[in-house]
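J.: Build me a model from this:
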Amino acid sequence: MSIPIRKLQETFGARLQENVRMANYTTSRVGGPALGLIAVNTLDEMREAANVLWSLDVPFKLIGSGSNILVSDKGYQGVILLNHCHNIRINTQQTPPMIFAESGANLSNIARQSALRGLSGLEWAGSVPGSVGGAVYGNAGAFGSDISRSLISIQALLRNEGELTLTAEYLKFAYRSSYLKREKKEVLILSATLKAERSSREAAWKTLTEMSEKRQATQPTGASTGSTFKNPTGDYAGRLIEAAGLKGLQDGHARFSGLHANFIVNDGNSSAEEYLKLIRLAQKTVKEKFDVQLELEIELIGEFNDKA
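T.: The predicted structure follows:
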């Protein structure tokens with residue numbers, strides 16, 4: 001489709017950056033140019049940008065930390081909204097204690113700020129590199145817990161319904177999924193309200209530290225998309241990929257991590273197509289050897305030769 005660049009230039013002025021290389025905004029350090037990029041620093045800016053883009057029928061994606069996505073080498077024929085809405089408020093006087101977080105807030109920062117106030121429930125997120133909005137959309141989790149256990153509600157902007165408060169019940173969370181994700185809703189998550197439990201600073205920080213150290217010892221650091229596949233029921237994607245003999249296998253500069261096979265790491269100058277070749281290989285090999293179909297946890301953005 002034709003994108004009305006001139007209209008976008010008139011509306012957003014210098015805020016609109018054109019032909020922006022997405023490798024600079026993803027944790028995998030992979031991705032071709034987006035047609036446009038607009039940083040949104042407040043929720044009002046986010047609302048305004050989304051409503052303008054919807055009115056012009058311009059495709060767009062809201063991204064925070066850039067984890068759990070793989071952007072095509074061809075880029076994205078639309079506008080990226082870069083979420084810089086990071087505000088957090090923690091109320092320890094309420095029962096239960098409440099956390100308000102804008103959708104661009106870093107999940108690990110929220111977990112750490114909570115633990116320092118003697119609050120528990122989010123320790124699992126102490127080293128998770130995602131933002132609140134993405135965590136809610138995909139029901140992020142680790143160590144047997146996930147965001148659904150803490151979420152009370154979100155404030156969301158939907159294309160055809162306006163701004164709504166959506167409860168955890170409405171979101172119908174499942175493993176690494178929500179109603180919004182399954183139904184591919186045209187929606188922006190503006191903010192989230194979470195609940196916590198009272199503990200002690202020492203106990204909460206100890207649990208968070210232990211979980212973070214375990215994660216760092218068992219998962220690769222450096223450039224990657226995060227966990228590539230969802231864990232199949234009763235098993236682990238990383239175990240299956242390793243058992244299939246693929247752990248450590250490399251295609252160009254993309255490689256199945258030797259530390260955890262469900263992570264594909266960028267050894268320096270990888271391409272999205274190299275990532276996708278390894279994704280296809282894992283799905284094909286695991287299916288042939290174990291009759292298990294690996295389902296992507298990451299989101300593919302843009303045009304790929306084969307969306308696997």
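J.: pLDDT averaged over stretch 269-287, what's the number?
T.: What stretch 269-287 shows for mean pLDDT is 97.
J.: gap between the two ends of stretch 262-269?
T.: One end of stretch 262-269 to the other measures 20 Å (Cα to Cα, to the nearest Å).
J.: likewise stretch 134-151?
T.: So stretch 134-151: terminal residues 13 Å apart, Cα to Cα.
J.: Which residues does that stretch contact?
T.: Identification of contacts with stretch 134-151 by Cβ atoms under 8 Å, 6 or more residues apart in numbering yields 63-65, 67-68, 99, 103, 107, 121-122, 124-125, 128, 130, 154, 168, 171, 173-178, 180-181, 189, 192-196, 211, 214-215, 297. Glycine gets a C-beta too; all of them are placed from N, C-alpha and C.
J.: Return the subset of those residues lying in strands.
T.: Cross-referencing the contacts of stretch 134-151 against strands under DSSP state E gives 63, 99, 154, 189, 192-195.
J.: Make JSON lines from those residues and add distance to Glu18 and neighbour count to it.
T.: Converted to JSON lines, the ones in strands among the contacts of stretch 134-151 look like this (distance: Cβ to Cβ, whole Å; neighbours: other Cβ atoms under 10 Å):
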{"residue": "Ile63", "distance to Glu18": "17", "neighbour count": "24"}
{"residue": "Ile99", "distance to Glu18": "37", "neighbour count": "27"}
{"residue": "Ile154", "distance to Glu18": "31", "neighbour count": "27"}
{"residue": "Ile189", "distance to Glu18": "26", "neighbour count": "27"}
{"residue": "Ala192", "distance to Glu18": "32", "neighbour count": "26"}
{"residue": "Thr193", "distance to Glu18": "36", "neighbour count": "18"}
{"residue": "Leu194", "distance to Glu18": "37", "neighbour count": "26"}
{"residue": "Lys195", "distance to Glu18": "42", "neighbour count": "18"}
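J.: and which of these is nearest to Phe304?
T.: Ile63 (17.5 Å; Cβ to Cβ).
J.: which SS class is Gly36?
T.: strand (DSSP: H, G, I helix; E, B strand; the rest coil).
J.: And the helices in this structure, which stretches?
T.: Along the chain, counting by DSSP state H, helices occupy 5-12, 43-55, 107-116, 132-138, 168-171, 179-182, 201-218, 237-243, 272-290.
J.: OK, contacts around Pro220?
T.: 257, 259-260, 263, 265.
J.: and this structure, what are its domains?
T.: Domain segmentation of the chain under automatic domain parsing yields 8-83, 88-216, 221-301.
J.: Return the member of the contacts of Pro220 nearest to Asn231.
T.: Asn231 has its nearest neighbour among the contacts of Pro220 in His260, at 12.1 Å by Cβ to Cβ.
J.: burial count for that closest one?
T.: His260 has 21 neighbours, counted by other Cβ atoms under 10 Å.
J.: Please tabulate the domains of the chain in JSON lines, including the columns distance to Ser2.
T.: Output for the domains of the chain, formatted as JSON lines (distance: least, Cβ to Cβ, whole Å):
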{"stretch": "domain 8-83", "distance to Ser2": "10"}
{"stretch": "domain 88-216", "distance to Ser2": "20"}
{"stretch": "domain 221-301", "distance to Ser2": "20"}
